[in-house]
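When you get a sec, could you give me coordinates for this:
(one chain, ligands or ions: 1)
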Amino acid sequence: MPLLLSPSPTRRQFLAAAGTAAVSLTFAPRARAQGGTSPLRLALLSDTHIPADATETYRGFSPVENLTKVVPQVVAANIDGTLLGGDLARLKGLPEDYARLKGLLAPVMAKGPVGMVLGNHDHRANFFEAFPALKPATAVVANKHTATREAGGLRFVLLDSLLAPDVTPGQLGNAQRAWLAKELSASAQPTVILVHHTLGTNDGELMDADRLFDVLRPHRHVKAIVYGHSHKYEVIEREGRQLINLPAVGYNFNDNEPVGWVESVWTSEGVDLTLRAIGGNQSANGQTTSVHWE
Ligand SMILES: [Zn+2]
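Residues are numbered from 1 along each chain as shown. As a prediction, this is how the structure comes out:
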């Protein structure tokens, strides 16, 4: 079984579990209501694509410059923690990519816990080498980086869709889907899934997306799935679940898309998503999308 917290964990317990022990000890004390029902505020970042070489650019964007702009915004924001949706590294998940990412993220990690999932441009072993505190003593699913955290009346399940570094499609695999089914049966709390890959049918998406939905079908308490991969910002619905596609921090694939991050406020009934655009199409910068579920 994964590490589960007490039946009614406080937000602080969630955050302590989501981050490292050191982070939880230095968690900045800020005025907030105690208990699990007050909104949970999270910075949502995805597709940072940090290269070892800080001067590297793609489509006119510098991922290092972009994250350098985003980090102080996240640090200044009223948030309890941060989630990163994968493609942390530029292409292959080199140790040097993660070293640079770790340096850039240091102020965010000092502010509060950070949860990360892996994308198709990540490398599991190199990632754990750089972020040893995120490596569980025993992997819940062999060769996959999964985690479950609870806070604010919600459960967050972090999945690993990395199939092989620098190979575009993703896969959860049988073992992880079986684990997920058990995990979802273990609690009826409203649940949010974080995974890197998009859930469509194109060749470069999550290959077992339909089988993921087969697993989810009996579990109506799975309210939202958050992912990155497409470098596109949108909220759509599938089978009554809210699918939240995060914009990329590193670069967009299309001039119509923003580059940046999303400030989010979660309750057991929904989430308010506010776009913090720093590049690309910034016309929706500051706009809040309110997502509700039953
Ligand atoms: Zn990406």
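
tell me which parts of the chain are close to the ion?
Residues of the chain found near the ion (C-beta under 5 Å from the ion) are 47, 87. In this view, the C-beta of every residue, glycine as well, is placed from N, C-alpha and C.

If we use 8 Å, what do you get?
Proximity of the chain to the ion, by C-beta under 8 Å from the ion, involves residues 46-47, 49, 86-87, 119-121, 196, 228-229, 231, 248, 250.

Could I get the full set of strands for the chain?
If DSSP state E is used as the criterion, the strands of the chain fall at 40-45, 81-84, 114-116, 147-151, 154-158, 191-194, 222-227, 234-238, 241-245, 258-267, 270-280, 288-292.

Packing partners of the shortest one?
I take that to be strand 114-116. Packed against strand 114-116 by the contact rule (3 or more C-beta pairs under 8 Å, 6 or more residues apart in numbering; DSSP states H and E) you find strand 81-84, strand 154-158.

looking at those strands, which is buried most?
Ranked by mean neighbour count under mean count of other C-beta atoms under 10 Å, the helices and strands packed on strand 114-116 are led by strand 81-84, which reaches a mean of 25.

Could you tell me which ranges of this structure sit under the pLDDT cut-off?
Within the chain, the set of residues satisfying pLDDT under 70 comprises 1-37.

List the buried residues for the lengthiest helix in the chain?
In the chain, assigned by DSSP state H, the helix with the most residues is helix 95-111. Within helix 95-111, the residues scored as buried using 16 or more other C-beta atoms under 10 Å are 97-98, 100-101, 104-105, 108-109, 111.

Could you double-check that residue 264 lies in contact with residue 44?
Yes: if you go by C-beta atoms under 8 Å, residue 264 and residue 44 touch, sitting 5.4 Å apart.

Between the two, which contacts overlap?
Common neighbours of residue 264 and residue 44, counting by C-beta atoms under 8 Å, 6 or more residues apart in numbering, are residue 273.

residue contacts, the residue lying closest to residue 188 once chain neighbours are set aside?
Distances taken as C-beta to C-beta, 6 or more residues apart in numbering place residue 221 nearest to residue 188, at 5.2 Å, with adjacent residues excluded. By C-beta under 8 Å, 6+ apart, residue 221 lies in contact with 184, 187-191.

if you set the cut-off to 7 Å instead, what comes out?
188-191 (C-beta atoms under 7 Å, 6 or more residues apart in numbering).

top of those by neighbour count?
Within the contacts of residue 221, most neighbours by other C-beta atoms under 10 Å means residue 191, with 23 neighbours.

isn't residue 189 right next to residue 151, touching?
No: the pair residue 189 / residue 151 is not scored as a contact, 10.1 Å apart, by C-beta atoms under 7 Å.

nearest to the ion, of the contacts of residue 221?
Of all the contacts of residue 221, the one with the least separation from the ion (C-beta to the ion) is residue 191, at 24.6 Å.

Quick check: nearest residue in space to residue 99, chain neighbours excluded?
residue 130 (6.3 Å).

and that neighbour, how many neighbours?
Applying other C-beta under 10 Å, we find 19 residues neighbouring residue 130.

got it, and residue 235?
Residue 235 has 15 neighbours, counted by other C-beta under 10 Å.

residues touching it, list them.
Taking C-beta under 7 Å, 6+ apart, we find residue 235 in contact with 242-244, 289, 291.

Could you work out the most separated pair of these?
243 and 289 (12.5 Å; C-beta to C-beta).

Which one's more surrounded, the two?
A count of neighbours by other C-beta under 10 Å puts residue 243 above the other of residue 243 and residue 289, at 19 against 16.
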